[in-house]
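*Asks:* Based on what follows, work out the 3D shape:
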Amino acid sequence: MKRVLLIILSVMAFASMSVAQDIWSAGYYTDEDGIQQAAVYQNSIRVFSTDYGNGLYGDCTGIAVDGDDVYWIRNCYEAGSFYYADIMKNDEMYLNSPIGQSRHIYSLDCFYGTMIATGCMDINGITTAVVWSGDEVEPAFVMGDGVYPSVAYSTTVVANTDVGLHSFSCGYQFITESARRGIIWKDGYLFYRFPNIKAIMYDIDYHDGYFYTVGIEITDSDVKLKVWEVTSWGTTDHVLYTLSESMSSNYVDERFSIYVDDAGDIYVNGMDGTTDKVWKNGIEIYSTGSYFNTVLANTDGIYYAGSDGTGKVWKDGSVLYEVEDAQRITSFFVPEPACDNQVRTLPYFEGFETGATDWACWETEDTDNNNGTFGAFWHRFGDQYQPYTGNYCAWHDMGPEGVYQEGWLVTPLIAIPEGDNVRMSFKTKEVISNSFEDGNATLWVYDGTTTTELWSQSVENASGEWKEVEVDLSAFQGQEIQLGFKYTGIMSLIWYLDDIRIELGCVHVDENEDSQVKLYPNPAKDVIHVEGLETNTEVKIYDALGALVKVVNVGSDEEIDISELSGGLYLLHCGNATLRFVKTS
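*Replies:* Alright, predicted model coming up:
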C-alpha cells in the first residue's frame, strides 16, 4: 500500500469543494443575415462559429475536448440536403471533407487521444454508414452492405481485458428496400443485428460487460422509444426499458442520447409523445414542452441541454445558464469534477452520493492491472445495487476464476487533530462467492511513513449482510493520514462499502473511580444514565456477542431506556470508550 499511496499523493486533486471548470457546448444560431451557423460555446459565450453564405447553412452536432483543444463538427447543408461535413480543431481545419460526397457527421468523441467521428456518406449513390478516425479523410470503417442504405449515429470505444480495444457503432441498415434493422457494428463489421423488428439505434454506451443502446422500434401503428441491453459478446439482447409507447412520428434523429455513469445508472433523453424527457433507469425525472438534445451525469449532478426557444444547459432540474444567441444546444462536454487539492478535516463523511461526494479524490488502484470487467474493480454503484443509505455506495466484484486480484480504494489525505480521541466507522457488506478460492477484505492506514492494518474480514466469515465496523484512530493524532480499503483474493468476495465517517469520539473511559464518565445504576432494569458526556453524544450498546442493539444520542446524565433489552451483559460504547453493565430481567 505504501507504493500505492505514494503514487496517489503525487497526483491528488479534489472534488466536493470543487474547482470551477468550463462546460463546452455545440449547436447553432442565426446570424444577422438570417443564415443558420454552426457554433461552439465556452460556458455561455460563443467562441467558434461558421460563416456560411450563398445558399449554404450549417449546424454542429458534436463536440469533443482533449486537453486544451476543442474539436467540433461542421455540417453544411444546401436546400435541405447534406452537402459536406468536416471537423474543426479550435478555429483551424482538422478533417477537411471533399465537397460532393454528401457527408454528414452525427457524433464526435475522443478516445485515447484519437478523434472518432460517426456518420454517413454517399458511396456509389448509396447512403452508407461510416466511421472516421483522426484526421484521415477516408473512412476508417465503411459499414454498409453496398446494396441498401445505412447510417451510423454514435460510436463508443471499449478497452478492457474482456472486450479488448475495439470500436462499437450503432445505427441502422436496410436489409430490403423496406425493411430497416437496428445494427451494432464492431470495427466496421456486423456485431449485432436486432432481429425481427424495424428499428433505429441512435446512441450507444458500455458498462460492466454490457452495451446499452437507445432507439426506436417502428410498427404499423406507432413508434416506441426503448433502451436495449446487449451482451458484450453480441449474442442476445433484451428490452431494458420502454420509455414511450407512442412517440410522435415527427421525431428528430439528433434528439436521442444515452449515458451510463460510473455508478451504472442509465440516463436517456428523448421524446414521449410530443414531450421531451430525461429518464434515469427507466423512470422520468425531467420533462419539457421544448427540446432536450443530450444528457450526461457525473458525481456533481445530472446535466442536459437543448432549447426552450433559446439554447440552454440544465443541471438537476434547473437552468444552469442560457447560452449566448444559441437557438439550440445539440451536444456538450461536461468535465468530471476537479480536485481542490486540500487536506480534509474532521468531521469527514463519505456516502458516495451524487452532488455530495469526494469521489474524484478517492483513488482507485488495480495493483496488477488484471481486474478486467464485470465490476471487478472499485467504483461507485447506483441504487439498483442496494446501498446502505441513499442512492450510491462503493463496490468491488469478484474477478475471474484462477486470477489473483488486489484492488485498493483510498481516501483523500485527512488531518487528525491533537488532543482528542478519533473514531472511524463504516458500513460494509461482504458477499461470498459460491466458488471462492481465497480472499480478504482489509482496511489499512498510511501515515506518510508506515502502513498498518486496522481491520480484516476473511472470505470464509462473510455474512452477506450490512454491518457497522468501528476503528480507533486516536493513535494518529497530529498526523495527516490516508485510509485504504484493500480487496484481495481469487474468486473472492463481492464487497460493498457505504457511509464512511471519521469524527471526534468521546473522552476515553477507564472503569475506575477516577473516571470522568460514569454509568449508573449497574446492574439496571429499565434505564441507565451516563455522566460526563458532551451534549448530543452518540452512544451505542452492544450485546455480549458484539451485535449492535441500540443507538441513542444523549447528553450528560440523560436517561437511556434499556427496558426492551433482554437480561445479560452489555457494552456501552462511545468512540473508543467502553463501559460494561448488566441488564436484569
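*Asks:* hey, let's count contacts and neighbours off CA atoms from now on
*Replies:* Fine.
*Asks:* Around residue 213, how many other residues sit close by?
*Replies:* 28 (other CA atoms under 10 Å).
*Asks:* for residue 245, same thing?
*Replies:* Neighbours of residue 245 under the rule other CA under 10 Å: 14.
*Asks:* Can you give me the pLDDT of it?
*Replies:* Note on residue 245: pLDDT of 89.
*Asks:* so what's it up against?
*Replies:* Contact analysis of residue 245 by CA atoms under 8 Å, 6 or more residues apart in numbering lists 222, 223, 224, 225, 272.
*Asks:* Now the two most distant members of those.
*Replies:* Pairwise distances across the contacts of residue 245 peak at 11.9 Å for 222 and 272 (criterion: CA to CA).
*Asks:* Now for the two: what residues contact both?
*Replies:* Any residue near both residue 222 and residue 272 by CA under 8 Å, 6+ apart counts here, and that gives 245, 246, 247.
*Asks:* Quick one: the residues you listed as CSV, columns for distance to residue 464 too.
*Replies:* Formatted as CSV, the shared contacts of residue 222 and residue 272 follow (distance: CA to CA, whole Å):
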residue, distance to residue 464
245, 39
246, 43
247, 43
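*Asks:* out of these, who's nearest residue 195?
*Replies:* Out of the shared contacts of residue 222 and residue 272, the member with the shortest distance to residue 195 (by CA to CA) is residue 245, at 19.5 Å.
*Asks:* Could you tell me the phi and psi values at the closest one?
*Replies:* Per-residue torsions, residue 245: phi -80, psi -20 (degrees, to the nearest 10).
*Asks:* now, among the shared contacts of residue 222 and residue 272, which is nearest to residue 95?
*Replies:* The shortest approach to residue 95 among these belongs to residue 247, at 36.2 Å (CA to CA).
*Asks:* give me the number of residues near that closest one?
*Replies:* By the measure other CA under 10 Å, the count of residues near residue 247 is 21.
*Asks:* quick one: it from residue 289, how far?
*Replies:* Between residue 247 and residue 289 the computed distance is 14 Å (CA to CA, to the nearest Å).
*Asks:* about what we covered before: between residue 222 and residue 272, which is the more surrounded one?
*Replies:* When residue 222 and residue 272 are compared for neighbours, residue 272 comes out ahead with 20 against 12, by other CA under 10 Å.
*Asks:* you'd agree that one is up against residue 242?
*Replies:* No: counting by CA atoms under 8 Å, residue 272 sits too far from residue 242 to count as a contact (10.4 Å).
*Asks:* circling back: pick the one among the shared contacts of residue 222 and residue 272 closest to residue 556.
*Replies:* Closest to residue 556 out of the shared contacts of residue 222 and residue 272 is residue 245 (61.1 Å), distances taken as CA to CA.
*Asks:* circling back: find residues that contact each of residue 272 and residue 242.
*Replies:* Contact criterion CA under 8 Å, 6+ apart; residues shared by residue 272 and residue 242: residue 225.
*Asks:* Now flag whichever of the shared contacts of residue 222 and residue 272 is closest to residue 534.
*Replies:* residue 245 (58.8 Å).
*Asks:* Residue 469 is in contact with residue 428, correct?
*Replies:* Yes: between residue 428 and residue 469 there is a contact under CA under 8 Å: 7.3 Å.
*Asks:* And stretch 134-154, end to end?
*Replies:* Length of stretch 134-154, first residue to last, CA to CA: 16 Å.
*Asks:* now swap in stretch 340-353 and tell me
*Replies:* End-to-end span of stretch 340-353 (CA to CA): 18 Å.
*Asks:* before we move on, what about stretch 316-325?
*Replies:* OK, stretch 316-325 end separation, CA to CA: 23 Å.
*Asks:* in it, what's buried?
*Replies:* For stretch 316-325, the neighbour count (16 or more other CA atoms under 10 Å) marks 320, 322, 323, 324, 325 as buried.
*Asks:* show me the contacts for residue 247.
*Replies:* Contacts for residue 247 (CA under 8 Å, 6+ apart) come out as 222, 223, 224, 225, 271, 272, 273, 274.
*Asks:* got a winner among the residues you listed for most neighbours?
*Replies:* residue 271 (27 neighbours).
*Asks:* Go ahead and confirm that residue touches residue 277.
*Replies:* Yes: if you go by CA under 8 Å, residue 271 and residue 277 touch, sitting 6.1 Å apart.
*Asks:* which non-adjacent residue is nearest the residue most central in space within the chain?
*Replies:* Geometric centre of the chain, nearest residue: residue 262, 2.3 Å, by CA atoms, centre = their mean. Of all residues not flanking residue 262 in the chain, residue 380 sits nearest, at 6.2 Å (CA to CA, 6 or more residues apart in numbering).
*Asks:* Can I take it that residue 418 is in a helix?
*Replies:* No: the assignment for residue 418 (DSSP: H, G, I helix; E, B strand; the rest coil) gives coil, which keeps it out of a helix.
*Asks:* and it, what pLDDT?
*Replies:* pLDDT recorded at residue 418 is 85.
*Asks:* Quick check, it in contact with residue 477.
*Replies:* Yes: using CA under 8 Å, residue 418 is in contact with residue 477, at 4.7 Å.
*Asks:* quick one, which of these two is more surrounded?
*Replies:* Between residue 418 and residue 477, counted using other CA under 10 Å, residue 477 has the larger neighbour count: 16 against 13.
*Asks:* which residues of the stretch 51-200 of the chain score low on pLDDT?
*Replies:* For the stretch 51-200 of the chain, the stretches with pLDDT under 70 are 99-100, 160-164.
*Asks:* Show me the helices in it, by range?
*Replies:* Using DSSP state H, counting those that start in this stretch, no helices are found in the stretch 51-200 of the chain.
*Asks:* same check, this time on the chain
*Replies:* 2-11 (DSSP state H).
*Asks:* low-scoring pLDDT stretches of it, where are they?
*Replies:* Within the chain, the segments meeting pLDDT under 70 span 1-20, 99-100, 160-164, 248-254, 368-375, 383-385, 433-437, 505-515, 544-547, 575-577.
*Asks:* Kindly report the domain assignment for it.
*Replies:* 20-333, 348-504, 518-583 (automatic domain parsing).
*Asks:* In CSV, list these along with distance to residue 341.
*Replies:* Output for those, formatted as CSV (distance: least, CA to CA, whole Å):
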stretch, distance to residue 341
domain 20-333, 13
domain 348-504, 8
domain 518-583, 29
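*Asks:* closest one to residue 342 among the ones you listed?
*Replies:* Of all these, the one in closest proximity to residue 342, counting by CA to CA, is domain 348-504 (8.0 Å).
*Asks:* how far is that closest one from where the chain is centred?
*Replies:* The chain centroid and the centroid of domain 348-504 are separated by 18 Å under CA atoms, centre = their mean, to the nearest Å.
*Asks:* Excluding chain neighbours, give the residue nearest to residue 483 in space.
*Replies:* Excluding the flanking residues, the one nearest residue 483 by CA to CA, 6+ apart is residue 445, at 4.5 Å.
*Asks:* residue contacts, the one you found?
*Replies:* By CA under 8 Å, 6+ apart, residue 445 lies in contact with 451, 452, 453, 454, 481, 482, 483, 484.
*Asks:* 10 Å - rerun?
*Replies:* Going by CA atoms under 10 Å, 6 or more residues apart in numbering, residue 445 touches 1-2, 5, 410-411, 451-455, 473, 476, 481-485.
*Asks:* which residues does it form a beta bridge with?
*Replies:* Going by DSSP bridges, residue 445 is paired in beta bridges with residue 452, residue 483.
*Asks:* what separates it from residue 478, distance-wise?
*Replies:* The value you get for residue 445 to residue 478, if CA to CA is used, is 14 Å.
*Asks:* again, but for residue 360
*Replies:* To residue 478, residue 360 is 25 Å away according to CA to CA.
*Asks:* same check, this time on residue 348
*Replies:* Using CA to CA, residue 348 is found at 16 Å from residue 478.
*Asks:* Also residue 205?
*Replies:* Distance of residue 205 to residue 478, computed by CA to CA: 46 Å.
*Asks:* out of the two, which sits in the more crowded spot?
*Replies:* residue 205 (24 against 13).
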